[in-house]
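Enquirer: Output the structure for:
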Amino acid sequence: MNLYLRALAEAIDGPRDYYAWIITKDHLAECEGHDGTSDAELLAGVNIGTTTYCDGTCNPGEAGTTGPSTAPQALLDRLAAGQGHTFRMYDDDGELYYTGRLLRDEDNPRYDEDTALRGPLADYGEPNAGAVRIEYHGHPEWGF
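Expert: Numbers count the residues shown, from 1 in each chain. A predicted model of the protein is given here:
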């Protein structure tokens with residue numbers, strides 16, 4: 001849905017969803033030879049086949065992904081400005097997959113807390129990577 005149609009729909013009906021999230025770090029993103037090796041050294045074959053976890057300076061992976069697709073633009077704008085509650089998503093072995101932030105519109109008449117708090121996991125973590133658990137920094141009672 002383009003931004004104009006979304007804004008028009010929200011003006012007429014109100015926001016369809018009452019939460020929005022952003023992935024700020026993909027802990028599974030990997031890079032070839034990303035250990036301080038220069039581009040010239042990489043082209044010369046130094047450290048070929050070496051894989052290290054990315055520190056975010058090369059391949060951001062899924063970082064920057066937002067959702068759900070019907071998230072209110074006002075919440076997405078606030079996320080882009082750095083607002084939100086920090087969450088982390090894990091697999092069933094406890095491996096950290098994603099870090100991100102969530103914002104909720106508790107004044108929306110459609111608001112459902114469990115759906116909002118579970119949103120990043122249900123919308124993205126489970127279907128995209130098989131994540132099974134979400135935890136919120138400073139709010140252990142919010143986790144699933």
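
Enquirer: Run through the chain and note the low-pLDDT ranges.
Expert: Residues of the chain that meet the criterion pLDDT under 70 lie in 1-16, 30-60.

Enquirer: so where does the nearest residue in space to residue 99 that is not next to it in sequence fall, helix or strand?
Expert: Nearest non-adjacent residue to residue 99, counting by CB to CB, 6 or more residues apart in numbering: residue 25, 4.2 Å away. The way it works is simple: take the backbone N, C-alpha and C, and place the C-beta from them, glycine included. Per DSSP states H and E, residue 25 falls inside strand 19-26.

Enquirer: and that strand, what does it pack onto?
Expert: strand 66-67, helix 73-80, strand 96-104, helix 113-120 (3 or more CB pairs under 8 Å, 6 or more residues apart in numbering; DSSP states H and E).

Enquirer: and with 6 Å instead?
Expert: Counting contacts by 3 or more CB pairs under 6 Å, 6 or more residues apart in numbering; DSSP states H and E, strand 19-26 packs against helix 73-80, strand 96-104, helix 113-120.

Enquirer: Can you list the strands that it pairs with?
Expert: Strand pairing for strand 19-26, determined by DSSP bridges: strand 66-67 (antiparallel), strand 96-104 (antiparallel).

Enquirer: who's in contact with the first one?
Expert: When contacts are defined by CB atoms under 6 Å, 6 or more residues apart in numbering, strand 66-67 is touched by residues 21, 22, 76, 123, 124.
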